[in-house]
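> just a sequence and a predicted model for now, questions to come.
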Amino acid sequence: MSFSSLPGSSSSFSHPLAPYGWDADWEAEFARHAEQGLLPGRVVRVDRGLCDVVTPAGTVRADTEFVVPRDPMKVVCTGDWVAVDPEGSDPRYVRTLLPRRTAFVRSTSSKRSEGQVLATNIDYAVICVSLAVELDLGRIERFLALAMSCSTGEALLHESALSREPGAQPVVVLTKADLVPEAATLGHLVQDVETSAPGVPVLAVSSATGAGLDVLEAVLAGGTAVLLGQSGAGKSTLANALLGEDVMDVRATRDMDGKGRHTTTTRNLLALPGGGVLIDTPGLRGVGLWDAASGVGQVFSEIEEFAADCRFQDCAHVAEPGCAVLTALDSGELPERRLESYRKLLRENQRIVAKTDARVRAEIRRDWKRKGAEGRAAMQAKRGRW
C-alpha cells in the first residue's frame, strides 16, 4: 500500500496518523518515500534493535538494522517519524528516518563526550516536580535550560545544518499537589518556581484528585509532549491520569526520601484521548547539559538583561568595575542563588562544548592564563612589590 493511496491522505486531520501528530508538512516530507511504496509511521517504543511503529495499517514491529549509525545522536528514538516496509514484508525494516523537528538531548554520564536523545519531534517538554519532597530550584533550572535549548532535527540529522533554535515549549508541572492542602502554601510554592522559570507556565496538579488536570490537558492537546523528571516525580501516574486508564506501571515512592523505583524502563509514545501525544520516560538520575547555552540564557533572562548594562562587554560578573549584575546582586534585586546557579550551568555547558570544539578549548585556556596573570599581579601588589 503506497502512502499516496491512503484514505484521507490529502488532509492531515482525517489521516489515520493524525492522532499521532501527522500533518501536511510530514506528508510533504514523506512524498518521495511514498513513491517507493513505503509506509509512514511513528516510533512508539524502541527495544534492543527493534521498534514498535504505528502506521496507517496498525502497529508493526520493525528492525532498525538499516538505520544504525555510529553517531548516538542519530539512533532511532521514540517520537521519530520513519519509513517502513509495506505489509507483506518479512521481516519488516525501518528504511529511513525523516528529519527531526526537535529533540530533547542530555549529555551521557560516561566520560566520553556524547549526547543522548531522549525524545524527538516534541512540542512540549513537561518537567514534572514532586511536591512530596523539598523543591530543588537548581534542578528545575537545569531541566529548563535543556528544554529551552531543545535541538532542531536539522542539526541532528544533517551535518551541514547548524540551526539550534529552541523548538519545544517547556511546562513545569508540580505533581502530588494534594499533599499540600493549604492553598496559601501551594501558591507560594508555585510562585517560587515561577521566579526560577520566567515566562514558563507552572501548573500544580494532582493525579489523585484530578485537580489541575483539565488545564494541563488543554495545554498538551495541540502537539507532542514528553514527560521529564526524577523517579518518584509522578510521571507515570500523571500519564495514566491523562490517558484515563492504567497504561503505565507505577510503584510507591520510598517513605525515607520520597524517591521512586524506576518502574518505567522504556520511552513510550501514547495518543491522548483529548488530542495530543504523550511520551513517558524513565526517571532521570542525572541531567547533564548538552549545547545548552541559549537555554541557560533564557532561563536566566534577567541576568542577561542586567549584563547588557555592564561597563565591559566581556564582563565575567565577578569583581569588574561597572558590573550591572553585581550591582543588582548588592541591591537585592538579583538573588545570590540565581547568580550562582547561572554561573554553575554556564561553566558546565562550556566544559561539555569544549570537549568537541577546539576553539572553545582555546578560549578556556586563554581565560585561565589571563585569570592566572591577574591573580599573580594582585598578590604581588598586596605584598607591596608594586
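Structure received. Numbering: from 1, shown residues only.
> which parts of the stretch 201-350 of the chain are strands?
Counting by DSSP state E, counting those that start in this stretch, residue ranges of the strands within the stretch 201-350 of the chain are 202-204, 224-228, 268-271, 277-280.
> make TSV from those and add mean pLDDT, distance to Ser107 and mean neighbour count to it.
Heads up, the C-betas are built off the backbone N, CA and C, glycines and all. Written out in TSV, the entries for the strands of the stretch 201-350 of the chain read as follows (pLDDT from 0 to 100; distance: least, CB to CB, whole Å; neighbours: other CB atoms under 10 Å):
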stretch	mean pLDDT	distance to Ser107	mean neighbour count
strand 202-204	97	26	20
strand 224-228	94	15	27
strand 268-271	93	23	20
strand 277-280	94	20	25
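> would you turn those into JSON lines with distance to Leu216?
Putting the strands of the stretch 201-350 of the chain into JSON lines (distance: least, CB to CB, whole Å) gives the following:
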{"stretch": "strand 202-204", "distance to Leu216": "6"}
{"stretch": "strand 224-228", "distance to Leu216": "9"}
{"stretch": "strand 268-271", "distance to Leu216": "15"}
{"stretch": "strand 277-280", "distance to Leu216": "11"}
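> Leu243 is nearest to which of those?
Of all the strands of the stretch 201-350 of the chain, the one in closest proximity to Leu243, counting by CB to CB, is strand 268-271 (6.1 Å).
> parallel or antiparallel, list what pairs with the closest one.
In the sheet containing strand 268-271, its partner strands are strand 277-280 (antiparallel), by DSSP bridges.
> what does the strand it pairs with contact?
For strand 277-280, the surrounding residues in contact (CB atoms under 8 Å, 6 or more residues apart in numbering) are 19-21, 78-79, 119, 122, 220, 223-227, 235-236, 239, 242-243, 248, 264, 267-272.
> follow-up on the earlier one: of the strands of the stretch 201-350 of the chain, give the one that comes closest to Thr327.
Of all those, strand 202-204 sits nearest to Thr327, with 28.7 Å by CB to CB.
> between the strands of the stretch 201-350 of the chain, which gets nearest to Pro86?
Nearest to Pro86 among those is strand 268-271; the distance by CB to CB comes to 21.8 Å.
> which stretches of the stretch 1-150 of the chain have low pLDDT?
Per-residue confidence of the stretch 1-150 of the chain (counting by pLDDT under 70) places the weak regions at 1-13, 108-114.
> residue ranges for the strands of it, please.
39-47, 50-55, 58-63, 81-84, 94-97, 102-107, 115-120, 124-130.
> next, the angle strand 58-63 makes with the second one.
In other words, strand 50-55. For the pair strand 50-55 and strand 58-63, the angle between their directions (axes from the mean of the first three to the mean of the last three CA atoms, to 10 degrees) equals 150 degrees.
> list the contacts of strand 50-55.
17, 20, 39-45, 59-64, 76, 82, 84, 94, 269.
> can you point out the buried residues in the strand or helix carrying Thr185?
Take DSSP states H and E as the rule and Thr185 turns out to sit in helix 183-196. Neighbour-count burial for helix 183-196 flags Leu186, Leu189, Val190, Val193, Ser196 (criterion: 16 or more other CB atoms under 10 Å).
> likewise for stretch 303-319?
Along stretch 303-319, these residues count as buried under the neighbour rule (16+ other CB under 10 Å): Ile303, Phe306, Ala307, Cys310, Cys315, His317.
> from the buried residues of helix 183-196, which is closest to Trp26?
Val193 (34.3 Å).
> sweet, I'm off.
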